[in-house]
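*Asks:* prediction below, plus the sequence it came from.
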Amino acid sequence: MELFAEATNLVPLAKGIALGFGVMGPAIAIGMIGTAFMNGVSRNPESSKFLGQILVFVSLAELFGLIAFASIFIIK
């Protein structure tokens, strides 16, 4: 008796793991950028309009998450 008598399809599992790890990094990056923004505004509230431009980096970090999401459709 073989342990794996029939072939199992592990592609959905691989896609889930790839998406999980691929989104974890951008989530941490967005949190760190938000923390730095809040610390900067709390130290100098008048500079919030200038520090808001730093939030452009949130979109750059989120782009990597979207690339990870798009890559699960490429995996066959």
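*Replies:* Received the coordinates, thanks.

*Asks:* quick one: contacts of the helix or strand of the chain with the lowest mean pLDDT?
*Replies:* Ranked by mean pLDDT, DSSP states H and E, the weakest helix or strand in the chain is helix 48-51, scoring a mean of 81. Applying Cβ atoms under 8 Å, 6 or more residues apart in numbering, the external contacts of helix 48-51 come out as 37, 40-41. All C-beta spots, glycine's among them, are computed from the backbone N, C-alpha and C.

*Asks:* could you redo the last one with a cut-off of 10 Å?
*Replies:* Contacts with helix 48-51, where a contact means Cβ atoms under 10 Å, 6 or more residues apart in numbering, come from 36-45.

*Asks:* tell me how far Val41 lies from Met32.
*Replies:* Per Cβ to Cβ, to the nearest Å, Val41 is found 15 Å from Met32.

*Asks:* neighbour count: those two, which is higher?
*Replies:* With neighbours defined as other Cβ atoms under 10 Å, Val41 and Met32 compare such that Val41 has more, 15 against 12.

*Asks:* just checking, that one touches Leu55?
*Replies:* No. In this structure Val41 lies outside contact range of Leu55 using Cβ atoms under 10 Å: 11.1 Å.

*Asks:* where do the helices sit along this structure?
*Replies:* 11-43, 48-51, 56-71 (DSSP state H).

*Asks:* could you tell me the least trusted of the ones you listed?
*Replies:* Set side by side, these give their lowest mean pLDDT on helix 48-51, at a mean of 81.
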